[in-house]
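Visitor: task: produce atomic coordinates for the following.
(2 chains)
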Amino acid sequence: MLRLEGVSAAYRGLPALRGISLEVPAGAIVAVVGANGAGKSTLLKAIAGLLPVSGRIALDETRLDRMAAWRVARHGVALVPEGRRLFPRLPVEDNLRLGAYARRGQPDRFAPLSLVFDLFPRLQERLAQRAETLSGGEQQMLAIGRALMTQPRLLMLDEPSQGLMPRLVDDILAAVVRIRAGGVTVLLVEQRLAEALSIADHAHVLQTGRVVMSGPAAAIAADSAVRRAYLGL
Amino acid sequence: MAKLPDNAILRRRRRELAAGGAVLLALAVLPLPIADVYTQNLIIMALLFAGLAQAWNILGGYCGQISLGHALYFGIGGYVSTLLFLRAGLPPSLGMFAGGLAAGAAALLVGWPCFRLSGHYYAIATLVVAQIAYLLALNWDFIGGATGLYVPFHAESWGDLAFRTTKRPFHYIALAFAAAAWFAGYLIEGSRWGYAWRAMRDDPVAARSLAVRLLPSKMAAASISGGLAGIGGAIFAQYVGYIDPDSVMSLQLSILIALPAVIGGVGTLWGPLLGAAVQVPISEVSRSWLGGAGRGSDLMIYGALIVTVALLRPAGLASLLRPARRPPPAAEARNANAA
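Guide: Residues are numbered from 1 along each chain as shown, chains lettered A, B, ... in the order given. Next up, the predicted model:
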């Protein structure tokens, strides 16, 4: 579904991605793991159109490289950014509404709400609260909910476990599995290796901007050399 | 299930609209018992600046683009309306809309390059552009140069927006202007644009990944904001009967247009009106009491006012209207657990 060929990008003038090629099959959960600074977040930003890139990024037959971010979003690619990036002063409800911005004018634009509330009933209780008053876990739920409101085909999650206690991480990842079951392809960036690999089908290990290993998630999880060499574990 | 409960928001919107209507009515009745010309002038200027500050607020508040050059749009509105009256005989009641259109177009021209700058750099760019325009106006004879232009007076009429014997019509003109600006803000708050602008202000990266287009959004806000400021400039020209670059295009005016929103509450519906109700009397009183000896003293007072507001009510005076929102106790307990 998503195919990257020789994608390079710089972040603040420094090369962050050096010729990345990888593939995300439709309906899969693909994890990209690696140490801090390996280029994981840059990769997602590059796909989302938030960074200029060289190389080729294609979603099915559509070229995404050189496409403005707003256009990429309309093609069904949603990013749950690192640090959640909610609109802190707006209530939960308006954050969700803004998720549907790309589909404005369409009668079914609020259709994903039932899925969002089903996944995260907590959000429905907090609709009138400002996003900044939510707990960390609730904020992550809202960030994912907001992205689902765009009715994406590909959902990209950047470090959804960041700053959460382990039980909440499990909740969030369980929600990701359910989202995939609903037909959404998932590209997951994580520093927490074990948790990410436990739900992923395929995984790519990134080191200083290069893919150094790819394969079924279970194989990567089992490879102790990978853990020592690339992930510092 | 799959429906957002709109009721809370709709109820709040209806309350705002009702409050707006009530304030409009009160302000319409207010001048009737006031015969004192000084006080009349004070209220008219406060209404004018309430409208101007709301115009500024549409770009600076909702959209988060801090402009320090709104005197440019104010001045263009005043000059275009006055010149059309002088040279082409177009009555200012129509000319003010031409002035608004010209000012809105100018805001697009300024926005095209300047919106590529972010934050403080954008603010500085607007200031510089407005100063350049001010210097050009000072030296451009076609529009009267530094001597300025007198607005011709034929007879008292609504078509010409010309009244010499009484200030009362101007009260209603300024009130209509302030009400229109308030209503524009009200509509924007509830519209998709308003949501997109606030999203962009709070987090441009997140907004972009939700398919919000930054430049067109900013341009739309700028044209509405500049256009309204231009109409305000045309009204001011008619009210004072004379314009020159110093009175309609100065840097100080740019600051005076932005300041009520800052004092009253940036990005709020009522902030500009509240701020103007505080700022304009201070400005007029300090000018008339201290006279030439106190030149610049009003700026010191504004400075003190900004510091006070920033320390005690950083969200502006409008935040006094609404009780502070606290998360329900259950959420606090959960936050404590999660932390």
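Visitor: what sits against the residue of the stretch 151-300 of chain B found nearest chain A?
Guide: As assessed by C-beta to the nearest C-beta, chain A sits closest to B:Ala211 within the stretch 151-300 of chain B, at 3.4 Å. C-betas here are computed from N, CA, C, even on glycine. By C-beta atoms under 8 Å, 6 or more residues apart in numbering or on different chains, B:Ala211 lies in contact with A:Ala69, A:Trp70, A:Arg71, A:Ala73, A:Arg74, A:Tyr101, A:Ala102, A:Thr150.
Visitor: which secondary structure element contains the second one?
Guide: Using DSSP states H and E, A:Trp70 falls within helix A:69-74.
Visitor: now swap in the last one and tell me
Guide: Applying DSSP H and E as the criterion places A:Thr150 outside every helix and strand.
Visitor: that one and A:Arg103 touch, don't they?
Guide: Yes - in terms of C-beta atoms under 8 Å, A:Thr150 counts as a neighbour of A:Arg103; the distance is 7.1 Å.
Visitor: of those two, who's got more company?
Guide: A:Thr150 (25 against 18; other C-beta atoms under 10 Å in any protein chain shown).
Visitor: give me the nearest residue to that one, chain neighbours excluded.
Guide: Counting by C-beta to C-beta, 6 or more residues apart in numbering or on different chains, the nearest residue to A:Thr150 once its immediate chain neighbours are dropped is A:Ala78, at 4.7 Å.
Visitor: any stretches of chain A with poor pLDDT?
Guide: A:227-233 (pLDDT under 70).
Visitor: how does it divide into domains?
Guide: Residue ranges for the domains of chain A, per automatic domain parsing: A:1-76+A:153-166+A:183-233, A:93-151.
Visitor: sorry, back to before: and chain B, is the helix holding A:Trp70 touching that?
Guide: Yes - for a cut-off given as C-beta under 8 Å from any C-beta of the partner chain, helix A:69-74 has contacts with chain B, namely A:Ala69, A:Trp70, A:Arg71, A:Val72, A:Ala73, A:Arg74.
Visitor: show me which of these are buried.
Guide: For those, a neighbour count by 16 or more other C-beta atoms under 10 Å in any protein chain shown gives the buried set as A:Ala69, A:Trp70, A:Arg71, A:Val72, A:Ala73.
Visitor: what's near enough to touch the fourth one?
Guide: Contact partners of A:Val72, counting by C-beta under 8 Å, 6+ apart, are A:Ile47, A:Ala48, A:Gly49, A:Leu64, B:Ser209.
Visitor: how about 10 Å then?
Guide: By C-beta atoms under 10 Å, 6 or more residues apart in numbering or on different chains, the contact list for A:Val72 reads A:47-50, A:57, A:59, A:62, A:64-65, A:78-79, A:154, B:208-209, B:211.
Visitor: how about the first one?
Guide: By C-beta under 10 Å, 6+ apart, the contact set of A:Ala69 is A:45, A:48-51, A:77, A:79, B:204-205, B:207-214.
Visitor: 8 Å instead, please
Guide: Contacts were defined as C-beta under 8 Å, 6+ apart; by that measure A:Ala69 touches A:Ala48, A:Gly49, A:Leu50, B:Arg208, B:Ser209, B:Ala211.
Visitor: biggest separation within the residues you listed, which pair?
Guide: With C-beta to C-beta as the measure, no two of the contacts of A:Ala69 lie farther apart than A:Leu50 and B:Ala211, at 12.4 Å.
Visitor: which residues in chain A form helices?
Guide: Along chain A, counting by DSSP state H, helices occupy A:40-48, A:69-74, A:92-99, A:113-119, A:121-125, A:136-148, A:166-181, A:193-199, A:217-222, A:224-231.
Visitor: and those helices: which comes nearest B:Met249?
Guide: Comparison of the helices of chain A against B:Met249 by C-beta to C-beta identifies helix A:69-74 as nearest, at 35.9 Å.
Visitor: and the longest helix seen in chain B, how far from the chain's centre?
Guide: Ranked by number of residues, the top helix in chain B under DSSP H is helix B:214-240. Relative to the mean C-alpha coordinate of its chain, helix B:214-240 is positioned 8 Å out (C-alpha atoms, centre = their mean, to the nearest Å).
Visitor: now do stretch B:34-43
Guide: Stretch B:34-43 sits 22 Å away from the centroid of its parent chain (C-alpha atoms, centre = their mean).
Visitor: and the contacts of that stretch?
Guide: Stretch B:34-43 is contacted by residues B:Leu30, B:Pro31, B:Lys167, B:Arg168, B:His171, B:Val280, B:Pro281, B:Glu284, B:Ser288 when judged by C-beta under 8 Å, 6+ apart.
Visitor: out of these, who has the most neighbours?
Guide: By neighbour count, taken as other C-beta under 10 Å, the most surrounded of those turns out to be B:Val280 (23 neighbours).
Visitor: per-residue confidence for that one?
Guide: On the pLDDT scale, B:Val280 is placed at 91.
Visitor: which one is it nearest to, not counting chain neighbours?
Guide: Nearest residue to B:Val280 in three dimensions, chain neighbours excluded: B:Ala46, at 4.0 Å (C-beta to C-beta, 6+ apart).
Visitor: what's the neighbour count on B:Leu215?
Guide: 12.
Visitor: that one: what's it in contact with?
Guide: The contact partners of B:Leu215, by C-beta under 8 Å, 6+ apart, come to B:Phe115, B:Arg116.
Visitor: dump the C-alpha coordinates for stretch B:21-31 into CSV.
Guide: These are the backbone C-alpha positions of stretch B:21-31, laid out as CSV (Å, rounded to 0.1, in the frame of the first residue of the first chain):
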residue,chain,number,x,y,z
GLY,B,21,-28.1,42.0,21.2
ALA,B,22,-28.6,43.3,24.7
VAL,B,23,-25.3,45.3,24.6
LEU,B,24,-26.2,46.7,21.2
LEU,B,25,-29.5,47.9,22.5
ALA,B,26,-28.0,49.4,25.6
LEU,B,27,-25.4,51.2,23.5
ALA,B,28,-28.1,52.4,21.1
VAL,B,29,-30.0,54.0,24.0
LEU,B,30,-27.0,55.2,25.9
PRO,B,31,-26.3,58.5,24.0
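Visitor: and A:Ala175, what does it touch?
Guide: Contact analysis of A:Ala175 by C-beta under 8 Å, 6+ apart lists A:Leu119, A:Phe120, A:Met141, A:Ile144.
Visitor: who's in contact with the second one?
Guide: Right, A:Phe120. Residues in contact with A:Phe120, defined by C-beta under 8 Å, 6+ apart, are A:Glu138, A:Met141, A:Leu142, A:Ile144, A:Gly145, A:Ala175.
Visitor: and those, which is closest to B:Gly64?
Guide: Within those, distances to B:Gly64 taken as C-beta to C-beta reach their minimum at A:Leu142, with 21.2 Å.
Visitor: pretty sure the closest one sits against A:Val92.
Guide: Yes - in this structure A:Leu142 lies within contact range of A:Val92 using C-beta under 8 Å: 5.9 Å.
Visitor: shared neighbours, the two?
Guide: Between them, A:Leu142 and A:Val92 have A:Leu123, A:Ala131, A:Leu134 as joint contacts when contacts are counted by C-beta under 8 Å, 6+ apart.
Visitor: of those - the most surrounded one?
Guide: Taking other C-beta under 10 Å as the neighbour criterion, A:Leu134 ranks highest of the shared contacts of A:Leu142 and A:Val92 with 26 neighbours.
Visitor: I figured that residue hits A:Pro91, correct?
Guide: No - under the criterion of C-beta under 8 Å, A:Leu134 lies out of contact with A:Pro91, with a separation of 10.2 Å.
Visitor: between the contacts of A:Val72, which sits nearest B:Ile76?
Guide: B:Ile76 has its nearest neighbour among these in B:Arg208, at 31.6 Å by C-beta to C-beta.
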